[in-house]
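**Student:** Predicted model and sequence follow; I will ask about them next.
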Amino acid sequence: SQQGEEDPQALSIQEGENATMNCSYKTSINNLQWYRQNSGRGLVHLILIRSNEREKHSGRLRVTLDTSKKSSSLLITASRAADTASYFCATSPRGNTDKLIFGTGTRLQVFP
Amino acid sequence: NAGVTQTPKFQVLKTGQSMTLQCAQDMNHNSMYWYRQDPGMGLRLIYYSASEGTTDKGEVPNGYNVSRLNKREFSLRLESAAPSQTSVYFCASRPRGDQHQTFGSGTRLTVV
């Protein structure tokens, strides 16, 4: 399988805490993206980081990318109950920008 | 704008039956995709269409066919459904020059 791995598979935290999710992938990439999925719904794009970038911010989200280790992390700061969802990383393989390869996801539960 | 619309939302089939899952987008996107999502497996690409008139296999194409009817519509057909095709199916689209995908809300298919 080409799929990447995400770690942890599940994460439970209290509101106000930070949540960190990690993603490892297997091939050289053009970019790495993070998506969010609420239960029973479609995926929503959160943030994209290109292969020549090391860190990117968007609101309460911070993404890092280490291409030498083929890994990325997503940090959600000051989490809210509404952040409860599954989070997936997806990589765009170098040489084929038409495709995305998704990781297996992290289920985040934020308790009020 | 409706974005990406999938029909039906739910379907139960008997083994051996056929059906077509419909997907339409109203965002003038060039590329369209079909994924399946199984528990613990993340999303896996079935087929994609980089532009009107072209289709390509993804990671798990066996047992499926697709048609890019026009720029708006991309259908997925199961000719002879099998219980292993029980899954949630997502359609997505992407504009030329942009890397992130917009997803539909999914079709939950059960094959008995």
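**Tutor:** Looks like it came in fine. For clarity, every value in this text was computed on a predicted model and none was experimentally measured.

**Student:** wait, what's in contact with the residue in chain A positioned nearest to chain B?
**Tutor:** Here chain A gets closest to chain B at one residue, A:G42, 3.6 Å apart by Cβ to the nearest Cβ. All C-beta spots, glycine's among them, are computed from the backbone N, C-alpha and C. A:G42 makes contact with B:4, B:90, B:103-106, according to Cβ atoms under 8 Å, 6 or more residues apart in numbering or on different chains.

**Student:** could you redo the last one with a cut-off of 10 Å?
**Tutor:** A:35, B:3-4, B:6, B:37, B:88, B:90-92, B:101-106 (Cβ atoms under 10 Å, 6 or more residues apart in numbering or on different chains).

**Student:** For A:F88, which three-state class applies?
**Tutor:** strand (DSSP: H, G, I helix; E, B strand; the rest coil).

**Student:** Now do the same contact list for residue 53.
**Tutor:** Answering for chain A, as no chain was given. A:31-32, A:63-65, A:67 are the contacts of A:E53 under Cβ under 10 Å, 6+ apart.

**Student:** meant chain B, my bad for not saying
**Tutor:** B:68, B:70-71.

**Student:** circling back to that earlier point, out of the contacts of A:E53, which are buried?
**Tutor:** Neighbour counting by 16 or more other Cβ atoms under 10 Å in any protein chain shown classes A:31-32, A:63-65 among the contacts of A:E53 as buried.

**Student:** Intersect the residues you listed with the contacts of chain B.
**Tutor:** Among those, the ones lying near chain B by Cβ under 10 Å from any Cβ of the partner chain are A:N31.

**Student:** Between all of the buried ones among the contacts of A:E53, which two are separated the most?
**Tutor:** Maximum pairwise distance in those, criterion Cβ to Cβ, is 13.7 Å, between A:N31 and A:T64.

**Student:** one step back: just the ones of the contacts of A:E53 in helices?
**Tutor:** Secondary structure assignment by DSSP state H places none of those in helices.

**Student:** circling back to that earlier point, show me which of the contacts of B:G53 are buried.
**Tutor:** Buried subset of these (neighbour count, 16+ other Cβ under 10 Å): B:68, B:71.

**Student:** of the contacts of B:G53, closest to chain A?
**Tutor:** Distances from chain A to those, taken by Cβ to the nearest Cβ, are shortest for B:R68, at 13.1 Å.

**Student:** Now for that closest one: which residues touch it?
**Tutor:** B:31-32, B:47-55, B:74-75 are the contacts of B:R68 under Cβ under 10 Å, 6+ apart.

**Student:** can you list those in CSV and add secondary structure and pLDDT?
**Tutor:** Listed next are the contacts of B:R68 as CSV, based on DSSP: H, G, I helix; E, B strand; the rest coil; pLDDT from 0 to 100:
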residue, secondary structure, pLDDT
B:S31, strand, 95
B:M32, strand, 97
B:Y47, strand, 97
B:Y48, strand, 96
B:S49, strand, 96
B:A50, coil, 92
B:S51, coil, 91
B:E52, coil, 89
B:G53, coil, 89
B:T54, coil, 94
B:T55, coil, 96
B:F74, strand, 98
B:S75, strand, 98
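
**Student:** Hmm, B:L76 and B:R36 touching each other?
**Tutor:** Yes. B:R36 is within contact range of B:L76, at 9.3 Å (criterion: Cβ atoms under 10 Å).

**Student:** what residues are shared contacts of these two?
**Tutor:** B:46, B:64, B:89, B:107, B:109.

**Student:** Would you mind stating the distance between the first one and A:R50?
**Tutor:** So the one you mean is B:I46. To A:R50, B:I46 is 27 Å away according to Cβ to Cβ, to the nearest Å.
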